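1. Just a sequence and a predicted model for now, questions to come.
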Amino acid sequence: MIANRPPVLAHERFAADRDSFAGLDLVARFEQTNLWGATSSVSGLGSEDAATAAIREALPLLLQRLGVRSLLDAPCGDAGWIGRMKLDLDYTGIDIVPSLIAANNGRAARGELSGRFLVADITRDALPRADVVLCRDCLVHLSFDNIVRAVDRFRTSGARFLLVTTFPEWDGNRDCEDGDWRALNMEKAPFDWPAPRELISERCEEGGGGWRDKSLGLWRLDELPDGARIATDV
């Protein structure tokens, strides 16, 4: 296990400004992009070049092995890192923040991005069908209740696979307010997911390597436990 887990900027900023989030819905909470602390991406430190190098290297190969023809990026944020990748598939990016989707559609119209971009709430809306759902750096910001809702939306979308952020050496998942941040190990309670079929290490250097186990795990959606049990247990 990793002994030294330094504070994460997204959590520190949320905690310092917690009162301003009282009564806000999900859209308003995630419009507070000043929380994430990145200089090159409004989607946060995890979306900058250095933080996405390992994924940009491994993801295309994984999708090719799976025979993926369509990918749902949920949420896509500013599509900064994934927009620079050459993916031979049908790409759809969704986000709850309308201004991000408007900006992405503008870039797509100028030929700077490919694919389509739609406003959607992964906890409530019917989602576009795709072979794989990519949900990176999102569930770590959601309450347990909304994680249950999001995974249910992913499952009912008809997707076969889910790629999601997990910290495989983390022990002791805790709940949080929507918009805050904490690490999650999807193999631990209250989720108790099976071991991922694939695990892409992000080679995370944030916090001096204290979060170096940050990974993208691949699961079959039809093999995940029923979220209703999670909702009643927490």
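-> Nice, thanks for sending it over.
2. pLDDT of the helix or strand where residue 105 lies, averaged?
-> Using DSSP states H and E, residue 105 sits within helix 98-109. Helix 98-109 comes out with an average pLDDT of 96.
3. And for stretch 222-229?
-> Here stretch 222-229 scores 81 as its mean pLDDT.
4. Pull out the buried residues from that stretch.
-> 224, 227 (16 or more other C-beta atoms under 10 Å). The C-beta positions use only the backbone N, C-alpha and C, and glycine is treated the same way.
5. tell me, what residue is most central in this structure?
-> Taking C-alpha atoms, centre = their mean, the centroid of the chain lies closest to residue 136, which sits 2.4 Å from it.
6. Residue 163 is in contact with that one, correct?
-> Yes: taking contacts as C-beta atoms under 8 Å, residue 136 lies within contact range of residue 163: 7.2 Å.
7. Can you pull the residues that touch both of the two?
-> With contacts defined as C-beta atoms under 8 Å, 6 or more residues apart in numbering, the residues adjacent to both residue 136 and residue 163 are residue 216.
8. ranges for the strands of the chain?
-> Per DSSP state E, the chain carries strands over the ranges 70-73, 90-95, 116-119, 132-135, 161-166, 198-201, 215-220.
9. Would you mind measuring from the residue nearest to the centre of the chain to residue 164?
-> Distance of residue 136 to residue 164, given as C-beta to C-beta, to the nearest Å: 7 Å.
10. where do the contact lists of these two overlap?
-> By C-beta under 8 Å, 6+ apart, the residues touching both residue 136 and residue 164 are residue 216.
11. Now do the same contact list for the residue nearest to the centre of the chain.
-> 46, 55, 163-165, 216.
12. possible to save those residues as a markdown table with neighbour count?
-> Converted to a markdown table, the contacts of residue 136 look like this (neighbours: other C-beta atoms under 10 Å):
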| residue | neighbour count |
| --- | --- |
| 46 | 24 |
| 55 | 23 |
| 163 | 23 |
| 164 | 25 |
| 165 | 20 |
| 216 | 23 |
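13. what sits against the closest residue to residue 193 other than its chain neighbours?
-> Excluding the flanking residues, the one nearest residue 193 by C-beta to C-beta, 6 or more residues apart in numbering is residue 186, at 4.6 Å. Counting by C-beta under 8 Å, 6+ apart, residue 186 makes contact with 164, 166, 193, 196, 217, 219.
14. got a list of what the most far-flung residue of the chain relative to its centre touches?
-> Residue distances from the centre of the chain (C-alpha atoms, centre = their mean) peak at residue 110, which lies 26.3 Å from the mean C-alpha position. Residues counted as contacts of residue 110 (C-beta under 8 Å, 6+ apart): none.
15. mind listing the helices for the chain?
-> Per DSSP state H, the chain carries helices over the ranges 9-16, 26-30, 49-66, 98-109, 144-156, 227-233.
16. Could you list the buried residues of the longest one?
-> Neighbour-count burial for helix 49-66, counted by 16+ other C-beta under 10 Å, picks out 51-52, 54-55, 58-60, 62-63.
17. Stretch 149-157 too?
-> For stretch 149-157, by 16+ other C-beta under 10 Å, it's 149-155, 157.
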